[in-house]
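Trainee: model the following, please.
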Amino acid sequence: MKNVFVFDIETIPDVASGRRLYGLDDLSDEDVARAMFHLRAQQTGGSDFLRLHLQRICAISVVLRHGDKVKVWSLGEPDAGEAELVQRFFDGIDRFTPTLVSWNGGGFDLPVLHYRALLHGVQAPRYWDTGADDREFKWNNYLSRYHERHTDLMDVLAGYQMRANAPLDEIASMLGFPGKMGMSGDKVWDAWLAGDIGGIRNYCETDVLNTWLVYLRFQFIRGQLTEKAYQGELNLLRTTLQLQQGDKPHFREFLERWQA
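Mentor: This next block holds a predicted model:
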């Protein structure tokens with residue numbers, strides 16, 4: 001299988017930008033975030049989900065399928081700054097030129113990464129190439145919604161119809177995979193305030209594992225994997241997680257739910 005890079009991000013309020021934009025210099029991070037949520041709810045008439053340019057990345061987890069191995073991890077050390085996480089993400093694209101795979105990456109993860117790269121001045125020439133440096137990228141690049149170099153599974157499976165979109169948790173569970181584990185996206189800010197970056201990263205890693213399993217099933221139904229190859233990929237992932245479950249209990253829990 002060619003290089004595949006499955007990714008997911010977790011975000012918290014960008015309180016530094018909130019202070020700058022709304023003149024909240026005298027407030028704590030928690031109070032700035034509370035004010036940002038309140039302002040957003042007023043703007044929308046109910047939802048306090050912040051606009052994407054005001055989301056700060058606190059974790060990026062990936063599954064990398066490269067050569068004869070599959071690897072699951074979160075970029076950087078737990079205390080790494082956002083700029084380092086964003087740089088590592090785009091460095092991986094520059095190094096491997098992989099197929100990017102996400103669930104709603106086109107609608108959320110990648111736009112957030114764009115804004116954060118803009119903020120931190122992170123260069124990513126391979127990612128932004130649309131054919132100027134590599135003619136193949138004119139017909140298949142990371143930016144076009146209808147190209148496979150970034151495969152947004154939610155978008156593709158819904159036939160690019162927003163009303164047909166489905167949650168990853170439900171699709172994964174429907175297919176017999178573990179689904180959401182540990183927390184949900186709306187609990188990440190609370191976990192961050194409690195200092196539980198480890199829990200956030202673990203949650204993010206189980207999300208990318210679910211996405212990878214759904215992608216493998218997608219590749220099977222479209223004829224890109226034979227039945228034997230598909231089972232081989234599942235076995236490779238199981239073996240990989242079994243070897244790491246001693247150090248990563250959430251991998252052990254993932255296996256238990258998958259095998260149940």
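
Trainee: who are the contact partners of residue 182?
Mentor: For residue 182, the contacting residues are 199, 202-203, 206, 250, by CB atoms under 8 Å, 6 or more residues apart in numbering. To be clear about C-beta, it is placed using only N, CA and C from the backbone, and glycine gets the same treatment.

Trainee: can I take it that it is in a helix?
Mentor: No: counting by DSSP: H, G, I helix; E, B strand; the rest coil, residue 182 is not part of a helix but coil.

Trainee: sorry, back to before: and which of the contacts of residue 182 is nearest residue 229?
Mentor: Residue 229 lies nearest to residue 206 out of those, by CB to CB, at 24.2 Å.

Trainee: average pLDDT across the host helix or strand of the closest one?
Mentor: Using DSSP states H and E, residue 206 maps to helix 197-221. For helix 197-221, the mean pLDDT works out to 97.

Trainee: tell me the secondary structure for residue 65?
Mentor: Per three-state DSSP, the local secondary structure of residue 65 is strand.

Trainee: verify the stated contact: it with residue 99.
Mentor: No: assessed by CB atoms under 8 Å, residue 65 is found out of contact with residue 99, at 9.1 Å.

Trainee: tell me where the chain has helices.
Mentor: In the chain, the helices defined using DSSP state H lie at 15-22, 29-44, 82-96, 110-120, 125-128, 136-139, 153-157, 168-174, 188-193, 197-221, 227-244, 249-259.

Trainee: winner for burial among these?
Mentor: Neighbour counts (mean count of other CB atoms under 10 Å) averaged over each of these peak at helix 197-221, with a mean of 21.

Trainee: that one to helix 227-244, inter-axis angle?
Mentor: In terms of direction (axes from the mean of the first three to the mean of the last three CA atoms, to 10 degrees), helix 197-221 departs from helix 227-244 by 170 degrees.

Trainee: quick one, helix 197-221 and helix 249-259 angle?
Mentor: Orientation of helix 197-221 against helix 249-259 (the same axes, to 10 degrees) gives an angle of 30 degrees.

Trainee: off-centre distance for helix 197-221?
Mentor: 9 Å (CA atoms, centre = their mean, to the nearest Å).

Trainee: in stretch 1-12, what counts as buried?
Mentor: Neighbour counts over stretch 1-12 (16 or more other CB atoms under 10 Å) mark 1, 3-12 as buried.

Trainee: list just the nearest of the contacts of residue 182 to residue 79.
Mentor: Using CB to CB, residue 199 is the member of those that sits closest to residue 79, with 14.7 Å.

Trainee: quick one: contacts for the closest one?
Mentor: Neighbour list for residue 199: 182-183, 191 [criterion: CB under 8 Å, 6+ apart].

Trainee: separation between it and residue 58?
Mentor: Going from residue 199 to residue 58 by CB to CB, to the nearest Å gives 11 Å.
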